[in-house]
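**Q** Please work out how this folds:
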Amino acid sequence: MKKLAAIFALAFASTSVMAGGLNLNVDPAEGGAWVTVTEQGQAVKGAKVASESGLDAKVTDESGRVFIHAQNQNSRSINFVASTDQGERAEQAAFIKGDHS
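**A** Numbering: from 1, shown residues only. Reported below is the predicted structural model:
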């Protein structure tokens, strides 16, 4: 009976963690995008955020935000990736308008 209770408790805890998950919101801006990382509606401080090129990786501030500069001056869709030290990961693509479009 104790084993069954332990298994149920572990399954419930892992389900709760999976249900929340990391969320990424990308707001395109001139020259790049503002990226906000949240988990269960709360800002995530210290999440690493990068664009698909990986050249401009930054860490979110206390409000879960960071500005990622576009590496290319042409308009295009860019995939943004956020990750935490706990191994959580989220992605979102956004169209970023370039200087030459």
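
**Q** Check which helix or strand D85 maps to.
**A** Following DSSP states H and E, there is no helix or strand that holds D85.

**Q** Relative to W34, how far out is it?
**A** 22 Å (C-beta to C-beta, to the nearest Å). Backbone N, C-alpha and C define where each C-beta goes, glycine included.

**Q** Show me where the chain has its strands.
**A** 22-29, 32-39, 42-43, 48-51, 58-59, 65-69, 76-83, 89-96 (DSSP state E).

**Q** Make CSV from those strands and add mean neighbour count and mean pLDDT to it.
**A** Output for the strands of the chain, formatted as CSV (neighbours: other C-beta atoms under 10 Å; pLDDT from 0 to 100):
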stretch, mean neighbour count, mean pLDDT
strand 22-29, 17, 94
strand 32-39, 21, 94
strand 42-43, 12, 96
strand 48-51, 21, 93
strand 58-59, 14, 96
strand 65-69, 18, 92
strand 76-83, 17, 91
strand 89-96, 16, 92
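
**Q** Dig out what the residue most central in space within the chain forms beta bridges with.
**A** For the chain, the residue nearest the mean C-alpha position is A82 (3.2 Å; C-alpha atoms, centre = their mean). As for beta bridges, A82 partners with V49, A90 under DSSP bridges.

**Q** Contacts only, for A94.
**A** The contact partners of A94, taken as C-beta atoms under 8 Å, 6 or more residues apart in numbering, are 26-28, 33, 77-78, 80.
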